[in-house]
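K.L.:
could you work out the structure for the sequence below:
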Amino acid sequence: MTMRLRFAPSPTGQLHVGNARTALFNWLLARGSAGRLILRIEDTDAERSTRESELAIIEDLQWLGLEWDEGPDVGGAHGPYRQSERLRLYESYANELMTAGHGYYCFCPAEQLTRQREAALAEGKPPRYDGTCRTVAAVEARRRVEAGEPAVVRFRVPDRAEVQFDDLVRGPVSFSTEVIGDPVLLRSDGRPAYNFAVVIDDASMEVTHVVRGEDHISNTPRQLLLYEALGFTPPKFAHVSLVLGPDHTPLSKRHGATSVAEFRARGYLPEALVNYLALIGWSPGEGEELLPIAELARRFRLENVGHSAGVFDEEKLAWMNRHYLKHVDVGRLSVLALPWFRELGFVASPSDAGLRYLADVIPMASGSVDRLRDIPVRLRFLFEYDAARALARPEVLKVLSENGARAVIAALADELARSARLDRERFRAVAARVRQRTGQRARGLFHPIRVALTGEAGGPELDLAVPAIDRGAELPPDSGIAPVRGCRERAAAFAATLEKVNR
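P.N.:
Purely as a prediction, here's the structure:
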């Protein structure tokens, strides 16, 4: 039998990383078992659900690399895949339950139910409906409904029964119906309640395994009772632990970024976020952590999912992202990093020549940063050279205070005035001539050269940085790249500004 799983988000906001991990676990299980994955949109909350949120969730899932076999955008044999398009189906099954005596109309006003709930909580009891309308005769209930009195449809939970199921992560679980109460099936406006709609959907979509967060455990007995009343075969359930913040409370806005969109905007790669999310509450074994998604799917087993909640550690994610940044194709990396180059004004709409330049220079930064957004910051020296501003930096002044530093700068400016644009070999030749003229070597030679040509006391290797500066200076005006001041011009400006400061 083919394993069929589903991910069913509510389009009421962004995709939270906890929900993204649930989607990932379902995807890994489906792909690792040659099963099928369904995307279902649970949008019966008409006040909060939006199509914009649905599209954003789909975009985030696609960005993560999680595709599905059936869904609102790809179709399938078990649609429609939006709950708002399945309302007649829910009404039909609600009528079936009413006819069989498993459902009844409830006329209790919201204010009364709120008081009952608050009283139960004050006594330390689980809130449950007290069954006030259970005894209303069916004929009387129908008359009141036809007269226009607002009513919901409730499910009649069996008295004094035990609901048991074998959770694929947690083992045997048991609930007494004494603590469940009669759940709402249809609200007064005809919209289905969650526990009712999800049973109809999972059954009609032939879902075989439900993998979801542990916060849904208390919903499971209600759903199992509905499966039984409707004559459906229930799926197997697996409830995975929640994702917690560093303080071991559920991950929320107070911990910083919590949505996939936010981590995407911070410059994380999808493969890094997927790899990290897979390891929260599950281990691939063999002491390994850095694994591509296909290998994660091959190894994923529900029996290896832990019971304890996992803590989201952004520092660990950043470490993992650094690893992936080192291995990304530079062409792809230059495209991924474009938004942050644009944000700093370093790039507009790059031409092919502009993109090639970015692909050439990005490796200077990508091996030493944690996030995409840090790449253009690391390469700021290419686009924002200012000799006067450089000379105001304490770390630059410290370099210039060393013996022979000013002589190196004067000799560098003189040599570059007579030199062609620098590639690696020309730069080494210029540096050798400056060394011969000044007698400086190693740190005493290259630190002054660095501050003069980059305006900074640290950064990428000069063998890489210097040729990159002059390649940028030679870019055509239509490259879409901000103007890059060449090494010759930088050395002359730095020497002149330094002389002016010394007067």
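K.L.:
what count of nearby residues applies to Val139?
P.N.:
8 (other Cβ atoms under 10 Å). Glycine gets a C-beta too; all of them are placed from N, C-alpha and C.
K.L.:
and it, what element?
P.N.:
Val139 is part of helix 138-146 when elements are defined by DSSP states H and E.
K.L.:
how about residues contacting that helix?
P.N.:
Residues from elsewhere that reach helix 138-146 (Cβ atoms under 8 Å, 6 or more residues apart in numbering): Tyr104, Tyr105, Phe107, Cys133, Ala151.
K.L.:
neighbour-wise, which of those leads?
P.N.:
Neighbour-wise, the contacts of helix 138-146 (other Cβ under 10 Å) top out at Tyr104, 23 neighbours.
K.L.:
next, it: secondary structure please.
P.N.:
strand (DSSP: H, G, I helix; E, B strand; the rest coil).
K.L.:
how far is whichever helix or strand Val210 is part of from where the chain is centred?
P.N.:
In the assignment (DSSP H and E), Val210 maps to strand 209-213. When distances are taken as Cα atoms, centre = their mean, to the nearest Å, strand 209-213 is centred 20 Å away from the chain's centroid.
K.L.:
got it, and stretch 282-292?
P.N.:
Distance of stretch 282-292 from the chain centroid (Cα atoms, centre = their mean) equals 20 Å.
K.L.:
do the same with stretch 390-405
P.N.:
43 Å.
K.L.:
before we move on, what about stretch 14-31?
P.N.:
10 Å.
K.L.:
tell me the helix or strand right after the helix holding Val139.
P.N.:
Taking DSSP H and E, what comes next after helix 138-146 is strand 152-155.
K.L.:
can you list the strands that that following strand pairs with?
P.N.:
According to DSSP bridges, strand 152-155 forms sheet pairs with strand 103-106 (antiparallel), strand 184-186 (antiparallel).
K.L.:
for the following helix or strand past the longest one, give me every contacting residue.
P.N.:
Okay, so that is strand 103-106. Using DSSP H and E, the helix or strand that follows strand 103-106 towards the C-terminus is helix 110-122. With Cβ under 8 Å, 6+ apart as the contact definition, helix 110-122 has outside contacts at Pro126, Pro127, Arg128, Tyr129, Asp130, Thr132.
K.L.:
contacts for the strand or helix carrying Asn95, please.
P.N.:
According to DSSP H and E, Asn95 maps onto helix 87-99. Contact with helix 87-99 is made by 103-104, 153, 155, 185-186, 190-192, 196-197, 200, 204, 229-230, as judged by Cβ under 8 Å, 6+ apart.
K.L.:
that one vs helix 138-146, what angle?
P.N.:
On the basis of axes from the mean of the first three to the mean of the last three Cα atoms, to 10 degrees, helix 87-99 is oriented at 150 degrees to helix 138-146.
K.L.:
residues contacting Leu28?
P.N.:
By Cβ under 8 Å, 6+ apart, the contact list for Leu28 reads Ala278, Ile293, Leu296, Ala297, Phe300.
K.L.:
can I get these in JSON lines with neighbour count, pLDDT and secondary structure?
P.N.:
Shown next, in JSON lines, are the contacts of Leu28 (neighbours: other Cβ atoms under 10 Å; pLDDT from 0 to 100; DSSP: H, G, I helix; E, B strand; the rest coil):
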{"residue": "Ala278", "neighbour count": "23", "pLDDT": "97", "secondary structure": "helix"}
{"residue": "Ile293", "neighbour count": "19", "pLDDT": "97", "secondary structure": "helix"}
{"residue": "Leu296", "neighbour count": "21", "pLDDT": "97", "secondary structure": "helix"}
{"residue": "Ala297", "neighbour count": "18", "pLDDT": "97", "secondary structure": "helix"}
{"residue": "Phe300", "neighbour count": "21", "pLDDT": "97", "secondary structure": "coil"}
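K.L.:
among those, which one sits closest to Ala495?
P.N.:
Nearest to Ala495 among those is Ile293, at 53.2 Å by Cβ to Cβ.
K.L.:
about what we covered before: what subset of the contacts of helix 110-122 is buried?
P.N.:
The neighbour-count test (16 or more other Cβ atoms under 10 Å) marks Pro127, Arg128, Tyr129 as buried among these.
K.L.:
what's the closest non-adjacent residue to the last one?
P.N.:
Ranked by Cβ to Cβ, 6 or more residues apart in numbering and with sequence neighbours excluded, the top spatial neighbour of Tyr129 is Gly181, at 4.3 Å.
K.L.:
three-state assignment of that neighbour?
P.N.:
At Gly181 the chain is in coil, as set by three-state DSSP.
K.L.:
please tell me how far it sits from Arg298.
P.N.:
When distance is defined by Cβ to Cβ, to the nearest Å, Gly181 is 44 Å away from Arg298.
K.L.:
what's the answer for Thr220, then?
P.N.:
Noted for Thr220: a distance of 29 Å to Arg298, by Cβ to Cβ.
K.L.:
same question, Ser53
P.N.:
Taking Cβ to Cβ as the measure, Ser53 falls 33 Å from Arg298.
K.L.:
what does Ile38 give?
P.N.:
Distance of Ile38 to Arg298, given as Cβ to Cβ: 22 Å.
K.L.:
now do Leu230
P.N.:
37 Å.
K.L.:
cool, Thr177 as well?
P.N.:
According to Cβ to Cβ, Thr177 stands 42 Å off from Arg298.
K.L.:
the two: which has the busier surroundings?
P.N.:
Taking other Cβ under 10 Å, Thr177 and Arg298 do not tie; Thr177 has more neighbours (18 against 13).
K.L.:
how about that one, what does it touch?
P.N.:
Thr177 neighbours (Cβ under 8 Å, 6+ apart): Val157, Pro158, Asp159, Arg160, Ala161, Glu162, Val163, Pro221, Leu225.
K.L.:
swap in Arg378?
P.N.:
Counted by Cβ under 8 Å, 6+ apart, Arg378 has contacts Met364, Ala365, Ser368, Val369, Gly459, Pro460.
K.L.:
could you look up the SS state of the last one?
P.N.:
Assigned by three-state DSSP, the conformation of Pro460 is coil.
K.L.:
ok, and the closest non-adjacent residue to it?
P.N.:
Met364 (4.0 Å).
K.L.:
my guess is that neighbour meets Ile469, correct?
P.N.:
No - contact status for Met364 versus Ile469: not in contact, 11.0 Å apart, counting by Cβ atoms under 8 Å.
K.L.:
Leu355 - how many residues pack around it?
P.N.:
Quick note: Leu355 (other Cβ under 10 Å) scores 18 neighbours.
K.L.:
no wait, Ala100
P.N.:
12.
K.L.:
distance check, it against Pro363.
P.N.:
Here the criterion is Cβ to Cβ. By it, Ala100 lies 68 Å from Pro363.
K.L.:
check Gly439 too.
P.N.:
From Gly439 to Pro363 the distance is 34 Å (Cβ to Cβ).
K.L.:
got a list of what Leu416 touches?
P.N.:
Per Cβ under 8 Å, 6+ apart, neighbours of Leu416: Leu422, Val430, Cys487, Arg488, Ala491, Ala492.
K.L.:
sitting in helices, which of those do you find?
P.N.:
Judged by DSSP state H, the subset of the contacts of Leu416 located in helices is Val430, Cys487, Arg488, Ala491, Ala492.
K.L.:
which one is Ile58 nearest to, not counting chain neighbours?
P.N.:
Nearest non-adjacent residue to Ile58, counting by Cβ to Cβ, 6+ apart: Asp73, 6.4 Å away.
K.L.:
specify the local secondary structure of the one you found.
P.N.:
At Asp73, secondary structure determined by three-state DSSP is coil.
K.L.:
isn't it right up against Ile57?
P.N.:
No - taking contacts as Cβ under 8 Å, Asp73 lies outside contact range of Ile57: 11.1 Å.
K.L.:
just want to know which of the two has more residues nearby.
P.N.:
Higher neighbour count among Asp73 and Ile57: Ile57, with 26 against 13, using other Cβ under 10 Å.
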